[in-house]
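Asks: Test case, fold it:
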Amino acid sequence: MTEIRFDILGIGNAMVDVTTRVEDSFLSRHDMHKGAMILVDAAAAEALYADMPPGIESSGGSAGNTCAVAAVLGARVAYLGKVADDQLGEVFAHDISTLGVHFPSARLSGGAPTARCLILVTPDGQRTMNTYLGACVTFGEDDVDEELVAAASVTYLEGYLFDPPAAQAAFRRAAAAAHRAGGQVALSLSDAFCVDRHRVAFRDLVSGHVDILFANETEITSLYEKNSFEEAAEAARAEVTLAALTRSEAGSVILRGSETVTIAAEPARVVDTTGAGDAYAAGFLTGWTAGRPLRECGRMGSVAAAEVISHYGARPEADLRAMVKRALG
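Replies: Numbering: from 1, shown residues only. Reported below is the predicted structural model:
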């Protein structure tokens, strides 16, 4: 038996998040659709970055955010993702390591630069993202450290990384390694557009390799092609051991076998919704790997999400551990 050294191992798109506040007029000037995430090339990313107001730069990507928040909550966390051997790659590695996340991935040399997500937050709290994928999409089977996977209780896969065929193969290899070692596999669907592009492959992954599924209403209805959240939730119940489904201000629903646990959303002033789902997964998995009851896991996820959306950026600013402790009594 491999010694369990980590509660959570995240695998995802390793990118630097640049978050800044803009007015609606900035989006109009750049012909952007509010709330959307689009992929851009290196030239467009450089031009937009040059025109953005000063912002917050940090290691990011969906799974990276989840790992960072889980580490803040006290979980033992590791992360695998591809960055380049460049300045932003150093920013990513330094930032995530400083938070206490083990990051052993080899850097890409001589290829595409480190990925970045340019996040524009309007006064209503909506985020509009322009993403240059760069080096992160080169993550493949050879980047899966099976010994590290075996040393984690839960291997957490980010749906955003699922686009390239090499990453899909990497997901399956990581899932197989986790299950051989007696661990669990969690998947965040990440984005309904990702699901729409790869629905058949996602369904195969979920039904055959995933124990814990994270999704919001749009993502889960897209995955199962259902007209209602309730129908999609029942489809998820039938396929995975555990599903944690978020519903924005309506809270979340956790399904395990015949059990249904409904969690209310924590009160929060919405400033920036970036990373809300990532933080929810972090709180939930921190509780889950600590052996807490489902309701407490969901409450931890809800508290983490509420803290993150109350300010700009996807990382906690308040004492999140103390907030969780108060919430759980």
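
Asks: Quick check: which helices or strands does the one helix or strand Ala281 maps to pack against?
Replies: Assigning secondary structure by DSSP states H and E places Ala281 in helix 276-289. If you count contacts as 3 or more Cβ pairs under 8 Å, 6 or more residues apart in numbering; DSSP states H and E, helix 276-289 packs onto strand 6-11, helix 62-72, strand 152-158, strand 184-188, strand 212-216, strand 242-246, helix 294-309. C-beta: built from backbone N, CA, C; applies to glycine.

Asks: how does it look with 6 Å?
Replies: Using 3 or more Cβ pairs under 6 Å, 6 or more residues apart in numbering; DSSP states H and E as the contact criterion, the secondary-structure elements in contact with helix 276-289 are helix 62-72, strand 152-158, strand 242-246, helix 294-309.

Asks: so which of those comes closest to His179?
Replies: Comparison of the helices and strands packed on helix 276-289 against His179 by Cβ to Cβ identifies strand 152-158 as nearest, at 9.3 Å.

Asks: okay, that closest one in PDB with CA atoms only?
Replies: Taking Å, rounded to 0.1, in the frame of the first residue of the first chain, the C-alpha atoms of strand 152-158 are listed here in PDB:
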ATOM      1  CA  ALA A 152      -3.600  11.000  -2.700                       C
ATOM      2  CA  SER A 153      -7.000  10.200  -1.200                       C
ATOM      3  CA  VAL A 154      -8.800  12.100  -4.100                       C
ATOM      4  CA  THR A 155      -7.500  12.900  -7.500                       C
ATOM      5  CA  TYR A 156      -9.400  15.900  -8.800                       C
ATOM      6  CA  LEU A 157      -9.700  16.500 -12.500                       C
ATOM      7  CA  GLU A 158     -10.500  19.800 -14.200                       C
END
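
Asks: helices and strands around it, which ones?
Replies: Secondary-structure packing of strand 152-158 (3+ Cβ pairs under 6 Å, 6+ apart): strand 6-11, helix 165-180, strand 184-188, helix 276-289.

Asks: among these, which is nearest Gly74?
Replies: Of all these, the one in closest proximity to Gly74, counting by Cβ to Cβ, is helix 276-289 (7.0 Å).

Asks: hmm, who's touching the closest one?
Replies: With contact meaning Cβ atoms under 6 Å, 6 or more residues apart in numbering, helix 276-289 is reached by 7-8, 62, 65-66, 69-70, 73, 75, 153-154, 188, 214, 244, 246, 296-297, 300-301, 304-305, 308-309.

Asks: one step back: need the winner for burial among the helices and strands packed on helix 276-289.
Replies: For those, the largest average neighbour count (mean count of other Cβ atoms under 10 Å) is found in helix 62-72, namely a mean of 29.

Asks: Please name the residues that touch Gln184.
Replies: By Cβ under 6 Å, 6+ apart, the contact set of Gln184 is 154, 211.

Asks: Distance-wise, check Gln184 relative to Ser153.
Replies: Here Gln184 is placed at a distance of 7 Å from Ser153 (Cβ to Cβ, to the nearest Å).

Asks: where does the protein have low pLDDT?
Replies: Regions of the chain meeting the criterion pLDDT under 70 cover residues 1-2.

Asks: distance of the residue most central in space within it from Ala233?
Replies: The central residue of the chain, meaning the one whose C-alpha is nearest the mean C-alpha position (Cα atoms, centre = their mean), is Ser62 at 2.9 Å. When Cβ to Cβ is the yardstick, Ser62 and Ala233 sit 22 Å from each other.

Asks: Equivalent analysis for Ala170, please.
Replies: 29 Å.

Asks: likewise Arg315?
Replies: Computed as Cβ to Cβ, the Arg315 to Ala233 distance reads 30 Å.

Asks: looking at the helices and strands packed on strand 152-158, which is closest to Arg197?
Replies: When the helices and strands packed on strand 152-158 are compared (using Cβ to Cβ), the closest one is helix 165-180, at 11.6 Å.

Asks: got the angle between the closest one and strand 184-188?
Replies: Inter-element angle recorded for helix 165-180 and strand 184-188: 150 degrees (by axes from the mean of the first three to the mean of the last three Cα atoms, to 10 degrees).

Asks: what's helix 165-180 in contact with?
Replies: With Cβ under 6 Å, 6+ apart as the criterion, helix 165-180 contacts 11, 139-141, 144, 146, 149, 155, 157, 161-162, 185, 209.

Asks: Give me the distance from that helix to the chain's centre.
Replies: Taking Cα atoms, centre = their mean, to the nearest Å, one finds the center of helix 165-180 at 17 Å from the center of the full chain.
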